[in-house]
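S.K.: Okay, here's the prediction I keep looking at, along with the sequence it came from:
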Amino acid sequence: MLVDSPYFPDELDVLPQVLGQAGFEPVGLLATHADYDHVLGRLAFPKLPIGVAESSMLRIREEPGAVQRELRDEDARNYVARPAPLGLGEVQSLPVPGKLEIGGEEMELHPGDGHSQDGMALFAPWCGVLCAGDYLSDVEIPWISSAGSLRDYRSTLARLGTLVERAESVVPGHGTPHSREDALRILDEDVDYLDALEAGRRELPKGRDTVRQREIHAENLAKHVHDPA
């Protein structure tokens, strides 16, 4: 299974070759949530089905064409040209919480809403790998979209904390993979950030206080905190 996807066309172009050479040819795609930058595996593997949480399927159905429009707008901002438009094709809804059988093993599917209104985290207990979606990033602060929820974000962090304790490696949607210890440290930093956010303070985690992250913080304040100080 290929979880989520790279963004740039040249990365997507070489992805089938890279995975094939490594002996990891996917038989299906999984997306932790329905943001445009997590479903682009379809461009690299147009014939493979893509599995999403029930909440993501609902989002796709309620917002037809939204993924394509968001991708088009982001490509325009980054001066990115693609050889073909994104078509989601066959999308399969997966029950969350639940389990998905892969090669005789069972992958755990856990709710992952808060960043957006939908999503799931994926845990493979047989190898100790947790795919966290847009959480526990070493380069991005907690980003709560307009359809997300600060309360739900906290709940997802609490669930992820239990999963991180069982994991050997944690793979965020953005940034680098972490050890268990580093992921727990980032989780604590993210909880502290949410506390500061609710209090209307700008206290960004060390190493993530960049121009772009300050912009995201301003968005979080405007959308989810009333009368920030």
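M.R.: Sure thing, it's come through.

S.K.: Please make it C-alpha for all contacts and neighbour counts, starting now.
M.R.: OK.

S.K.: which other residues reach the lengthiest helix in the chain?
M.R.: Looking across the chain with DSSP state H, the single longest helix is helix 180-198. Contacts with helix 180-198, where a contact means C-alpha atoms under 8 Å, 6 or more residues apart in numbering, come from 136-138, 141-142, 150, 154, 157, 161, 164-165, 167-170, 202-205, 217, 220-221, 225, 228.

S.K.: Buried by neighbour count, from those residues: which ones?
M.R.: Buried residues within the contacts of helix 180-198, counting neighbours by 16 or more other C-alpha atoms under 10 Å: 136-138, 141-142, 150, 154, 157, 161, 164, 167-170, 202, 204-205, 217, 220-221.

S.K.: show me what contacts the residue positioned nearest the centre of the chain?
M.R.: With distances taken as C-alpha atoms, centre = their mean, residue 133 lies nearest the centre of the chain, 2.7 Å away. Listed by C-alpha under 8 Å, 6+ apart, the contact set of residue 133 reads 32, 33, 112, 119, 120, 121, 171, 172, 173.

S.K.: Which members of the buried ones among the contacts of helix 180-198 occur in helices, if any?
M.R.: Members of the buried ones among the contacts of helix 180-198 lying in helices (criterion: DSSP H): 150, 154, 157, 161, 164, 217, 220, 221.

S.K.: before we move on, the earlier item: tell me which entries of the contacts of residue 133 lie within strands.
M.R.: When the contacts of residue 133 are checked against strands (DSSP state E), the matches are 120, 121, 171, 172.

S.K.: With that, I have no additional questions.
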